[in-house]
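Asker: how would this look folded up:
(one chain, ligands or ions: 1)
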Amino acid sequence: MIRFENVTKRYADGTVAVDDLTFEVAEGELVTLVGPSGCGKTTTMKMVNRLIEPTSGRIHVDGSDISGVDPVQLRRRIGYVIQQVGLFPHKTVLDNTATVPHLLGTSRAKARARAAELLELVGLDPAVHGGRYPEQLSGGQRQRVGVARALAADPPVLLMDEPFGAVDPVVREHLQNEFLKLQSQVRKTILFVTHDIEEAVRLGDRIAVYGEGRIEQFDAPAAVLGAPASDYVADFVGADRGLKRLGVTPIEQGDLEQPPVVHLDDPLPRPLDARWAVVLDEGERLHGWISADHARRGGTVRDHARRMEAWLPVGASLKQAFATMLQHDAGWIAVIDEEGRGDFLGVLTPARLHEALRRSIDADAQSVARADVPLESITTTPRPTTGKS
Ligand SMILES: Nc1ncnc2c1ncn2[C@@H]1O[C@H](COP(=O)(O)OP(=O)(O)OP(=O)(O)O)[C@@H](O)[C@H]1O
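Answerer: Next comes the predicted model:
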């Protein structure tokens, strides 16, 4: 969808901001560009909507070489979100969001109706916030309006330059999660600039780690964290990359233990050859758990079972699993098949969580060792997107 071919940008004073860049962003993919200040991320992004012209090389968007496309036409297909959101101060939130579609010829009523839908989509209530002016919003709310406004013209491509940079870490994480949910619905092709490796890892289907003007590694977050391509990348992602990796490694069925299982209507007493058993309802869905002590009493399992709050769908990250264990002070968490009927699949224990992390680090280390190919060929082969949500 977006393709860079040997793109170089040399500014008038001789600064080479971007040096012979080749990479591709697939349709519906979110690629984060991450790196220290001044490494060329913003320059890369601004060349896509022709705010900056490359010195050499070609950029294709949706199959066309953009050097032959009128910049105004081009920008209609490319939404742009920046840190200083740039809302019109004298227009209400609703009118700010409706401006571009209205300019593009949509009737005012239709544009406003669509704007209201988009505000809802980014988590703002149009009835409450729609009539306010930008200065009457919090920083986080203004960023949301910025995202809604960029989506208003329904562009297939979005460029986002540190869009959540100006808000505090808690609001930021919240916005990131909301944004991932939104992206799972709208599936835009997105180039996202950040200097924050945590943000890059959380949001990107793939990450481009920049050194000075060049991409040092271009790969899925788990691969960048698990097998940094160079000392530079290892330094940049940090010594705690094992921890960061928890956030991008999903729970798989093979990671789960199968404890004894009983059903709500089973009669007691019943000896258990473990300290506890998982309790399921008639439909094989998770109800909770029962201790071996309680299972020795009379009645049925229903009389003594405890509800289980610590559970996650399979595919959730190991980090979520860890957080859920801590939050509920639980020695294990139940894992269910949320996509299907909510069937119970097994439990994840701390030991299994550790094994899962090891497995994922080893798998990547091996695949990198086997793949004896130059970096350039890796950077130009898009992987299937990971389908985050
Ligand atoms: N108009 C310009 N003229 C000359 N040099 C420039 C110009 N714009 C950017 N540069 C230089 O090009 C390099 C890359 O800048 P760019 O803004 O793309 O970096 P960045 O990675 O986005 O940085 P940051 O994270 O600080 O925004 C820097 O050395 C910068 O000083």
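Asker: pLDDT score for the residue of the stretch 51-200 of the chain found nearest the ligand?
Answerer: Sorted by distance to the ligand under C-beta to the nearest ligand atom, the residues of the stretch 51-200 of the chain start with residue 195, at 4.9 Å. From N, CA and C alone the C-beta is placed, and that goes for glycine too. Residue 195 is assigned 87 on the pLDDT scale.
Asker: residues near it, how many?
Answerer: Other residues near residue 195 number 17, with proximity taken as other C-beta atoms under 10 Å.
Asker: any idea how far it lies from residue 225?
Answerer: Separation of residue 195 from residue 225 (C-beta to C-beta, to the nearest Å) stands at 17 Å.
Asker: how about residue 90, what does it touch?
Answerer: residue 133 (C-beta atoms under 8 Å, 6 or more residues apart in numbering).
Asker: what's the helix or strand for it?
Answerer: Using DSSP states H and E, residue 90 maps to neither a helix nor a strand.
Asker: same check, this time on residue 159
Answerer: Here residue 159 is assigned to strand 157-161, by DSSP H and E.
Asker: does anything pack onto that strand? Which helices or strands?
Answerer: helix 41-48, strand 78-82, helix 139-152, strand 189-194 (3 or more C-beta pairs under 8 Å, 6 or more residues apart in numbering; DSSP states H and E).
Asker: now with 7 Å?
Answerer: helix 41-48, strand 78-82, strand 189-194 (3 or more C-beta pairs under 7 Å, 6 or more residues apart in numbering; DSSP states H and E).
Asker: least reliable of the ones you listed going by mean pLDDT?
Answerer: Looking across the helices and strands packed on strand 157-161, the weakest by mean pLDDT turns out to be strand 78-82, at a mean of 86.
Asker: next SSE after that one?
Answerer: Counting by DSSP H and E, what follows strand 78-82 is helix 93-103.
Asker: quick one: the next helix or strand after that next one to helix 139-152, angle?
Answerer: Downstream of helix 93-103, the next assigned helix or strand under DSSP H and E is helix 108-121. On the basis of axes from the mean of the first three to the mean of the last three C-alpha atoms, to 10 degrees, helix 108-121 is oriented at 130 degrees to helix 139-152.
Asker: packing partners of helix 108-121?
Answerer: Helix 108-121 packs on helix 93-103, helix 126-129, helix 139-152, going by 3+ C-beta pairs under 7 Å, 6+ apart.
Asker: dump those helices to CSV, plus mean neighbour count.
Answerer: Below are those laid out as CSV (neighbours: other C-beta atoms under 10 Å):
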stretch, mean neighbour count
helix 93-103, 22
helix 126-129, 14
helix 139-152, 23
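Asker: could you export those helices as JSON lines, including mean pLDDT and distance to the ligand?
Answerer: Converted to JSON lines, those look like this (pLDDT from 0 to 100; distance: least, C-beta to the nearest ligand atom, whole Å):
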{"stretch": "helix 93-103", "mean pLDDT": "86", "distance to the ligand": "25"}
{"stretch": "helix 126-129", "mean pLDDT": "92", "distance to the ligand": "30"}
{"stretch": "helix 139-152", "mean pLDDT": "85", "distance to the ligand": "17"}
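Asker: indicate which one of those helices is closest to residue 29.
Answerer: For residue 29, the closest of those is helix 139-152, at 16.8 Å, according to C-beta to C-beta.
Asker: next one: that closest one to chain centre, how far?
Answerer: Relative to its parent chain, helix 139-152 has a centroid offset of 17 Å by C-alpha atoms, centre = their mean, to the nearest Å.
Asker: stretch 306-323 now?
Answerer: 18 Å.
Asker: output that stretch in CSV with nothing but the alpha carbons.
Answerer: C-alpha atoms of stretch 306-323 as CSV (Å, rounded to 0.1, in the frame of the first residue of the first chain):
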residue,chain,number,x,y,z
ARG,A,306,-16.1,-20.3,44.2
ARG,A,307,-16.4,-18.0,41.2
MET,A,308,-13.2,-17.4,39.2
GLU,A,309,-12.5,-13.8,38.3
ALA,A,310,-9.0,-14.4,37.0
TRP,A,311,-9.5,-15.5,33.4
LEU,A,312,-8.5,-14.4,29.9
PRO,A,313,-9.3,-15.4,26.3
VAL,A,314,-6.6,-17.5,24.6
GLY,A,315,-4.5,-15.1,22.4
ALA,A,316,-4.3,-12.5,25.2
SER,A,317,-0.8,-11.5,25.9
LEU,A,318,1.4,-13.0,28.6
LYS,A,319,1.6,-9.5,30.1
GLN,A,320,-2.1,-9.4,30.5
ALA,A,321,-1.9,-12.9,32.1
PHE,A,322,0.7,-11.6,34.5
ALA,A,323,-1.3,-8.5,35.3
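Asker: re earlier: ok, now which ones touch the residue of the stretch 51-200 of the chain closest to the ligand?
Answerer: Neighbouring residues of residue 195 by C-beta atoms under 7 Å, 6 or more residues apart in numbering: 34, 35, 36, 37.
Asker: noted, bye for now.
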